[in-house]
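J.: need a 3D model of the sequence below.
(chains A and B)
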Amino acid sequence: DVKVTQSSRYLVKRTGEKVFLECVQDMDHENMFWYRQDPGLGLRLIYFSYDVKMKEKGDIPEGYSVSREKKERFSLILESASTNQTSMYLCASSPPAVGETEAFFGQGTRLTVV
Amino acid sequence: AQSVTQLGSHVSVSEGALVLLRCNYSSSVPPYLFWYVQYPNQGLQLLLKYTTGATLVKGINGFEAEFKKSETSFHLTKPSAHMSDAAEYFCAAGSSASKIIFGSGTRLSIRP
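T.: Residues are numbered from 1 along each chain as shown, chains lettered A, B, ... in the order given. Take a look at the predicted model:
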């Protein structure tokens, strides 16, 4: 069974903290994504990576960075967490030609910044 | 730029009634289209997808969707709603050169 695993289901962090969200996939997929999900806004793409050490900005990259040192792992970093980054974060992976094939999602991390 | 519009942020139907969730996309080139479902506190799961070929696509759990190029639509239907269908549903579009674009989601409630 294919799997995308996010390290935490729930996180509570303080304003100004550096926050790491980890995602691992076991499908040997080239593409990995981080989305943010907010009510009424659907899923918005933060960053994506199509290869190790490669990354591209999505629609809302401000305040975030990413790291992909190994093919199976894609990390989202909040350099200095703020309350407006309280949200559900979803990681996904897919084979190449992502528009033609489905993406596989993790369970999500619900982050609260206080 | 591509966009995906889901009409109705919340749809409520009675158990056993028809489910119809609406999705329109904007694109000059027919995209690849997807419907995903998200149950509470879970990630997204693929319901069905259209890439090429037959325009009526059948998915899991009795859902189907029809690609209508003339209407730029990809509406999701199920003949008879079940309580277990209560979830949030996302329509999405992608192209071979870009990422997947998601709609804002429709929350489906089922009345007993």
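J.: what bridges to the closest residue in space to residue A:87 that isn't next to it in sequence?
T.: Leaving aside its chain neighbours, residue A:87 sits nearest to residue A:36 (5.0 Å; criterion: C-beta to C-beta, 6 or more residues apart in numbering or on different chains). The way it works is simple: take the backbone N, C-alpha and C, and place the C-beta from them, glycine included. Residue A:36 has these beta-bridge partners by DSSP bridges: residue A:44, residue A:89.
J.: residue A:36: how many residues sit nearby?
T.: 21 (other C-beta atoms under 10 Å in any protein chain shown).
J.: any idea how far residue B:103 is from the residue positioned nearest the centre of chain A?
T.: The residue lying closest to the centre of chain A (C-alpha atoms, centre = their mean) is residue A:34, at 2.6 Å. According to C-beta to C-beta, to the nearest Å, residue A:34 and residue B:103 sit 19 Å apart.
J.: swap in residue A:17?
T.: For residue A:17 relative to residue B:103 (C-beta to C-beta), the value is 33 Å.
J.: likewise for residue B:46?
T.: 15 Å.
J.: so those two - more neighbours on which side?
T.: Set residue B:46 next to residue B:103 and count neighbours by other C-beta under 10 Å: residue B:103 wins out with 25 against 17.
J.: contact partners for the more buried one?
T.: In this structure, residue B:103 makes contact with A:42, B:4-6, B:23, B:90-92, judged by C-beta atoms under 8 Å, 6 or more residues apart in numbering or on different chains.
J.: which residues does the residue of chain B found nearest chain A bridge with?
T.: Distance from chain A to each residue of chain B (C-beta to the nearest C-beta) is smallest for residue B:94, at 3.0 Å. Beta bridges link residue B:94 to residue B:32, judged by DSSP bridges.
J.: tell me the helices and strands packed up against the lowest-mean-pLDDT helix or strand in chain B.
T.: Across the helices and strands of chain B, the lowest-confidence element by mean pLDDT, DSSP states H and E is strand B:101-102, at a mean of 86. In terms of contacts (3 or more C-beta pairs under 8 Å, 6 or more residues apart in numbering or on different chains; DSSP states H and E), strand B:101-102 is packed against strand A:42-49, strand B:3-7, strand B:87-94.
J.: tell me the most buried of the ones you listed?
T.: Among the helices and strands packed on strand B:101-102, strand B:87-94 has the highest mean neighbour count (mean count of other C-beta atoms under 10 Å in any protein chain shown), at a mean of 25.
J.: ok now that one, how far from the chain's centre?
T.: Distance of strand B:87-94 from the chain centroid (C-alpha atoms, centre = their mean, to the nearest Å) equals 5 Å.
J.: contacts for it?
T.: Strand B:87-94 is contacted from outside by A:42-43, A:98-100, B:2, B:4, B:6, B:21, B:23, B:25, B:27, B:31-40, B:44, B:47, B:74, B:76, B:100-103, B:105-108, using C-beta under 8 Å, 6+ apart.
J.: what angle do that strand and strand A:42-49 make?
T.: Between strand B:87-94 and strand A:42-49, the angle comes out at 50 degrees (axes from the mean of the first three to the mean of the last three C-alpha atoms, to 10 degrees).
J.: for stretch A:88-107, buried residues please.
T.: A:88-94, A:98-107 (16 or more other C-beta atoms under 10 Å in any protein chain shown).
J.: do stretch B:51-67 as well
T.: For stretch B:51-67, by 16+ other C-beta under 10 Å, it's B:51, B:57, B:59, B:63-65, B:67.
J.: no more questions from me, cheers.
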